[in-house]
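Trainee: here is my input; please provide its structure:
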Amino acid sequence: MINKIISFSIKNKFIVGLMTLALIGVGIYSMYTVNLGSVPDITNNQVQVMTVSQNLATEDIEQFVTYPVELAMGNLPGVTEIRSVSRFGLSVVTIVFEDEMGIYKPRQLVQEKLNEVRDKIPEKFGSPSMGPITTGLGEIYQYTIKPKPGYDTVYTPTELRTIQDWIVKRQMTLVDGVVDVNAFGGKIKQYEIAINPEKLNAINVSISEVFEALQRNNVNTGGAYIEKNKMANFIRGEGLLRSLDDIREIVIKNETGIPITIGDVAEKVHFGNQVRYGAFTQDGKEAVGGMVLMLKGANPNSVIQNVQERMKKVQKSLPEGLEIKPFLDRSSLIERTTSTVKTNLLEGALIVIFALVILLGSIRGGIITATTIPLSLLFAFIL
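Mentor: Predicted coordinates:
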């Protein structure tokens, strides 16, 4: 058989040359389009269901949240394993499916069950939702937002976190291959009203009336339209709160024609922040940063290049004195991994040529034989 192949190759050099060129062309195309990463992602086909309920103890989370979710997911087709973690204020249920089911069909099945299980969880005990379509190896890019020298005292942790959530994150989630951006550090901005109980009692106002007034006076509404002179004038009521003064001027109720406002019963209306359970520090100082998560099955090298290009544009939109500093970039690991492959191939080819020149005494024979190394690599890329 080998003799026939050799004989055919000698007699049909043109055909062999065309096949070699085709191999090179298709191999190079496959090399540039293959998913190039530093480590293989062997994560099984899983969907995570997460529920946050900050006021529940671990036992209550397990009884009222985790158990109903596990029970609902147990009879889904293709499920091979269900495991869960219940902690204070957090429930995470992991449903593992067969690999043949793909990525999106299991999520559709889980979503259909979530619509049912939400009705079984008591009110205010949290709403279960699916995690992003990523894996543990999807953390491809991490960064911090740092003030430049001279701007250290200009921006507070609250302002940095607001910039991360409303400027950086919103632009990064539009990058092809990015499924989510997690934010860390800083303080999440809130509008807070410090109610004075003595003023409430003196004016005969209950705290529930204060809540109702806030809800009622923070909404935009539409009022259809009015036709006049063959024109339609659309009516719209703008009631969304835009400033602290708007909150102070909300009317709770009227007493003998005198309006009682939020400002009358509040000690102060100010900016605050959510309760924090941790902090994000860098070089001994509090910092604000984010983590870019890659879509499962995407090309890591291509996604990182897209992220780096978008980061350059995001940098231009930041307020003066701020810059984005990456501290984890998967591209450097991919570059070192691929450079190792290149080095090994080059050294292997040189060793083969050197050995064949010594043994055969022919430089031509050594070079021809060494060409099988890159051709074999291109063939592997095609497969």
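Trainee: excluding sequence neighbours, find me the nearest residue to Gly366.
Mentor: Leu356 (3.6 Å; Cβ to Cβ, 6 or more residues apart in numbering). Any C-beta I mention is one placed from the backbone N, CA and C, and that applies to glycine too.
Trainee: hang on, I meant Glu320
Mentor: Tyr151 (7.8 Å).
Trainee: correct me if wrong: the one you found contacts Leu318.
Mentor: No. With contact defined as Cβ atoms under 8 Å, Tyr151 does not reach Leu318; the gap is 11.2 Å.
Trainee: contacting residues for the residue nearest to Glu320?
Mentor: 320-322 (Cβ atoms under 8 Å, 6 or more residues apart in numbering).
Trainee: out of those residues, which is most surrounded?
Mentor: Counting neighbours by other Cβ atoms under 10 Å, the top entry in the contacts of Tyr151 is Leu322, with 20 neighbours.
Trainee: quick one: Arg118 from Thr51, how far?
Mentor: 10 Å (Cβ to Cβ, to the nearest Å).
Trainee: contacts for stretch 196-209, please.
Mentor: By Cβ under 8 Å, 6+ apart, the surrounding residues in contact with stretch 196-209 are 195, 210, 252-253, 255, 260, 264-267.
Trainee: buried residues in that stretch?
Mentor: Going by neighbour count (16 or more other Cβ atoms under 10 Å), the buried part of stretch 196-209 is 200, 205.
Trainee: chain center to it, what's the gap?
Mentor: Relative to the centre of its chain, stretch 196-209 is centred 44 Å away, using Cα atoms, centre = their mean, to the nearest Å.
Trainee: start and end of it, how far apart?
Mentor: For stretch 196-209, the first-to-last residue distance is 14 Å (Cα to Cα, to the nearest Å).
Trainee: so for Arg118 and Thr51, which sits in the more crowded spot?
Mentor: In this view Arg118 and Thr51 are compared by other Cβ under 10 Å, and Thr51 has more residues nearby, 26 against 16.
Trainee: picking that back up, anything in contact with each of Arg118 and Thr51?
Mentor: 127-128.
Trainee: pull the number of nearby residues for Val251.
Mentor: Using other Cβ under 10 Å, Val251 is surrounded by 13 other residues.
Trainee: not counting sequence-adjacent ones, nearest residue to it?
Mentor: Nearest to Val251 is Pro259, by Cβ to Cβ, 6+ apart, at 4.5 Å.
Trainee: where along the stretch 201-350 of the chain do the strands fall?
Mentor: Using DSSP state E, counting those that start in this stretch, the strands of the stretch 201-350 of the chain run over 221-228, 231-237, 251-255, 258-261, 266-273, 281-282, 285-286, 288-294, 322-329.
Trainee: turn the ones you listed into CSV, including distance to Ile167 and mean pLDDT.
Mentor: Shown next, in CSV, are the strands of the stretch 201-350 of the chain (distance: least, Cβ to Cβ, whole Å; pLDDT from 0 to 100):
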stretch, distance to Ile167, mean pLDDT
strand 221-228, 30, 81
strand 231-237, 28, 85
strand 251-255, 35, 87
strand 258-261, 34, 89
strand 266-273, 18, 89
strand 281-282, 20, 88
strand 285-286, 19, 86
strand 288-294, 11, 93
strand 322-329, 10, 91
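Trainee: closest one to Arg83 among those?
Mentor: Of all those, strand 288-294 sits nearest to Arg83, with 21.3 Å by Cβ to Cβ.
Trainee: I'd like the distance from that closest one to the chain centre, please.
Mentor: Distance of strand 288-294 from its chain centroid, counting by Cα atoms, centre = their mean, is 7 Å.
Trainee: any idea how many residues pack against Gly239?
Mentor: 12.
Trainee: so what's the residue count around the closest residue to it other than its chain neighbours?
Mentor: Counting by Cβ to Cβ, 6+ apart, Val219 is the residue found nearest to Gly239 once chain neighbours are left out, at 5.2 Å. Val219 has 11 neighbouring residues, counting by other Cβ under 10 Å.
Trainee: also Ile140?
Mentor: Neighbour tally, Ile140, other Cβ under 10 Å: 26.
Trainee: where's it, which helix or strand?
Mentor: strand 139-147 (DSSP states H and E).
Trainee: returning to that earlier point: just to check, the residue nearest to Val251 is in contact with Glu249?
Mentor: No. Taking Cβ under 8 Å as the definition, Pro259 is not a contact partner of Glu249, at 9.1 Å.
Trainee: so in this protein, which helix runs the longest?
Mentor: If you go by DSSP state H, the chain has its longest helix at helix 330-360.
Trainee: what pLDDT, on average, does that helix get?
Mentor: Averaged over helix 330-360, pLDDT sits at 81.
Trainee: what helices or strands is that helix leaning on?
Mentor: In terms of contacts (3 or more Cβ pairs under 8 Å, 6 or more residues apart in numbering; DSSP states H and E), helix 330-360 is packed against helix 300-317, helix 363-370, helix 372-382.
Trainee: what's the angle from the last one to helix 330-360?
Mentor: What that stands for is helix 372-382. Computed with axes from the mean of the first three to the mean of the last three Cα atoms, to 10 degrees, the direction of helix 372-382 lies at 140 degrees from that of helix 330-360.
Trainee: which elements pack onto helix 372-382?
Mentor: The contact analysis (3+ Cβ pairs under 8 Å, 6+ apart) places helix 372-382 against helix 13-33, helix 330-360.
Trainee: tell me which of those helices lies nearest to Leu137.
Mentor: Closest among the helices and strands packed on helix 372-382, using Cβ to Cβ: helix 330-360, at 8.9 Å.
Trainee: one step back: for the residue nearest to Gly366, give its distance to Gly365.
Mentor: Taken as Cβ to Cβ, the span from Leu356 to Gly365 is 6 Å.
Trainee: so for the two, which sits in the more crowded spot?
Mentor: Leu356 (19 against 14).
Trainee: I'd like to know how far the more buried one sits from Ser376.
Mentor: Applying Cβ to Cβ, the value for Leu356 to Ser376 is 16 Å.
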